[in-house]
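Visitor: Provided below for reference: sequence and predicted model.
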Amino acid sequence: MPEMRYQRLTRARARSTFAAAFTSRSSLWLGDDHLLSVDSTGYSETYKRFYFRDIQAIVITETNRRTIWNGVLILPPVFALVGLMMSAFPLRQNVGAAIAWSIIATIFLVPLLINNLLGSTCTSQLSTAVQIEKLPSLSRVRQTRKVLEKIRPLVTAAQGALTAEEVSERMRETVRRTPNATLPSPAAEPSGVPPILS
Amino acid sequence: MSLLIQCPKCRAWLLEGIFNQPEFSPCPACGTPLQIEVFPAIFRKTGSGQSGEMILVEGESSCFYHPQKKAVRPCDGCGRFLCALCDCELHGQHFCPACLEAGRTKGKIKSLDNQRTLYDNIALALAIYPMLIFYFTLITAPMALFVAIRYWKSPQSILHRTKIRYIAAANIALLQISGWTAFFIILATRR
C-alpha cells in the first residue's frame, strides 16, 4: 500500500520556547482526509491524526509574545549602538571598532526584524470529541489564518458549514436540552471557575 | 468533554457571539482576543458503546472472545466471530482488538502507525557529530555504516523522504574508515 502524500502546512516549531534545543519539534501536515501533527525529536517521530470529520473547533488566542520578544531582542542592538557611538564619537580614529559594533548591531537586528515581519503571535488549539490538542507550530496569526483558509473547505466538505448565527442558535439549543446536572453551571463548577457567559 | 467551548486563558464557558467570526473577538470574561472556528461535529451526538447481545438460543454463533455473547460479524483481519463489544470499526473495516493491536505494532494498518524511528538521521548523526572529537569516529564510523546498511529497507518517516541521508552517512563513514585504515597501515609500515 503506497504511503499517503502529505503537504506541509507549517514548519517545525519547538513545543516549548525556552527549551527549544531539548524538546520535540512539532509541525503540521495536510493529508487527504486528515491533518497530521508530527512531533519530531530528530531521531523519532510521533504522529497524531485529526480527521476532518472529527474536528469540532479550532481556537486561536492572540498573545503578546511578539512584544515580549521585542523587549528581549532590542537589548543587544541597543548595547551595540551605544558601543558604536562610543567608538565613533568624538571623531576618533577607531574605525575598526565602529565597523565591528555596526556588524554586531546588524546581526542582532535581524532576529528583531524577523520577529516583527512574521506578525502578531498566537496560540492555537484543536478540539475533537475526546481531546484538545495544542498546535505549537501555529504560532503566528497570519500563518494560522492561512492554514485555516486551507483546511476550512476540507472540513466543511466532510461535515458541512455553520454560520455564526447557526452556531449561536445551536449552542443555545444544546444548553436548553442538556440536563442541568451535566451543564457546566457556576454552581456545578469548583470555586474559582468563571461562570457561563451568554 | 463538554459540548461547549472554554476560553483557553480564563476557562470561562463561551456560548455565543464569538464563534466563526472573521477577526478576533474579545472573550466576554477576560477580554483575551479569540478567534474560534466551530464545525458541525461539535453538535454531533456521540453514540453510546455497545456491550454485545447475550445468546438466547442454543447453537447461535458466538463471539470468539466472549462465548456467551452473540456474534455480529467476522473480523476482517483474522476471520474470528466478534460480538458488538469486540467489533472495532476502522475506516469501514471491522477488526478484533488483537488484530488492531497487531496492525498497530507491525505497521500493517497505516492509519494506526503513530511512531517511526528515523534511522537515516541516526546514521547521519553517528557519521557527522563524532567528527568534532575525531578519535570517536574509530568506533562510530562502523556503527554509522552498520545502521545505514541494516535499516536501509526499514520504513522511514511517513512524510516523504529520500534515502539521501543513508547515502551521505554511508559515504562519510566509509571515508572515515578509509582514513583510519590508512592511518594504521602507515603506523604499521613505519615500524
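Guide: That came in fine, so what should we check first?

Visitor: Could I get the buried residue list for stretch A:94-109?
Guide: Neighbour-count burial for stretch A:94-109, counted by 16 or more other C-beta atoms under 10 Å in any protein chain shown, picks out A:98, A:101, A:102, A:104, A:105, A:108, A:109. For the C-beta atoms, the positions are set from N, CA and C on the backbone; glycine is no exception.

Visitor: CSV please, covering those and showing distance to chain B.
Guide: Below are the buried residues of stretch A:94-109 laid out as CSV (distance: C-beta to the nearest C-beta, whole Å):
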residue, distance to chain B
A:98, 35
A:101, 31
A:102, 32
A:104, 26
A:105, 31
A:108, 27
A:109, 28
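
Visitor: Just give me how far stretch B:44-55 sits from the chain centre.
Guide: 28 Å (C-alpha atoms, centre = their mean, to the nearest Å).

Visitor: what's the spacing between the residue nearest to residue B:16 when sequence neighbours are not counted and residue B:20?
Guide: Leaving out its chain neighbours, the residue that sits closest to residue B:16 by C-beta to C-beta, 6 or more residues apart in numbering or on different chains is residue A:168, at 3.6 Å. The gap separating residue A:168 from residue B:20 is 9 Å, by C-beta to C-beta, to the nearest Å.

Visitor: now do residue B:60
Guide: The value you get for residue B:60 to residue B:20, if C-beta to C-beta is used, is 50 Å.

Visitor: How is chain B divided into domains?
Guide: B:1-46, B:47-113, B:119-190 (automatic domain parsing).

Visitor: so what's residue B:34 bridging to?
Guide: On the basis of DSSP bridges, residue B:34 takes part in beta bridges with residue A:61, residue B:25.

Visitor: Mean pLDDT, distance to residue A:28 and mean neighbour count for the domains of chain B - can I get that in CSV?
Guide: Putting these into CSV (pLDDT from 0 to 100; distance: least, C-beta to C-beta, whole Å; neighbours: other C-beta atoms under 10 Å in any protein chain shown) gives the following:
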stretch, mean pLDDT, distance to residue A:28, mean neighbour count
domain B:1-46, 85, 15, 18
domain B:47-113, 83, 17, 15
domain B:119-190, 93, 11, 16
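
Visitor: Just list the residues touching the residue sitting nearest the centre point of chain A, thanks.
Guide: The residue lying closest to the centre of chain A (C-alpha atoms, centre = their mean) is residue A:139, at 1.8 Å. Applying C-beta atoms under 8 Å, 6 or more residues apart in numbering or on different chains, one finds that residue A:139 lies in contact with A:13, A:65, A:121, A:122, A:123, A:124.

Visitor: one more time with 6 Å, if that's ok
Guide: Counting by C-beta atoms under 6 Å, 6 or more residues apart in numbering or on different chains, residue A:139 makes contact with residue A:121.

Visitor: Helix or strand: which one has residue B:84?
Guide: Assigned by DSSP states H and E, residue B:84 belongs to no helix or strand.

Visitor: Quick check: closest non-adjacent residue to it.
Guide: Excluding the flanking residues, the one nearest residue B:84 by C-beta to C-beta, 6+ apart is residue B:50, at 3.8 Å.

Visitor: So that neighbour: helix, strand or coil?
Guide: coil (DSSP: H, G, I helix; E, B strand; the rest coil).

Visitor: Hmm, it is touching residue B:82, no?
Guide: No. Counting by C-beta atoms under 6 Å, residue B:50 does not reach residue B:82; the two are 11.2 Å apart.

Visitor: So which residues lie in contact with stretch A:101-119, not counting its own?
Guide: A:69, A:73, A:76, A:77, A:80, A:81, A:83, A:84, A:87, A:140, A:141, A:142.

Visitor: Locate the first one within the secondary structure: which element?
Guide: I take that to be residue A:69. Per DSSP H and E: helix A:65-73 holds residue A:69.

Visitor: Just the CA atoms of that helix, as PDB, please.
Guide: Listed next in PDB are the C-alpha coordinates belonging to helix A:65-73 (Å, rounded to 0.1, in the frame of the first residue of the first chain):
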ATOM      1  CA  ARG A  65       4.700  37.000  22.800                       C
ATOM      2  CA  ARG A  66       6.000  39.200  20.000                       C
ATOM      3  CA  THR A  67       6.100  42.300  22.300                       C
ATOM      4  CA  ILE A  68       8.000  40.300  24.900                       C
ATOM      5  CA  TRP A  69      10.500  39.000  22.400                       C
ATOM      6  CA  ASN A  70      10.800  42.600  21.000                       C
ATOM      7  CA  GLY A  71      11.800  43.700  24.500                       C
ATOM      8  CA  VAL A  72      14.400  40.900  24.800                       C
ATOM      9  CA  LEU A  73      15.800  41.300  21.200                       C
END
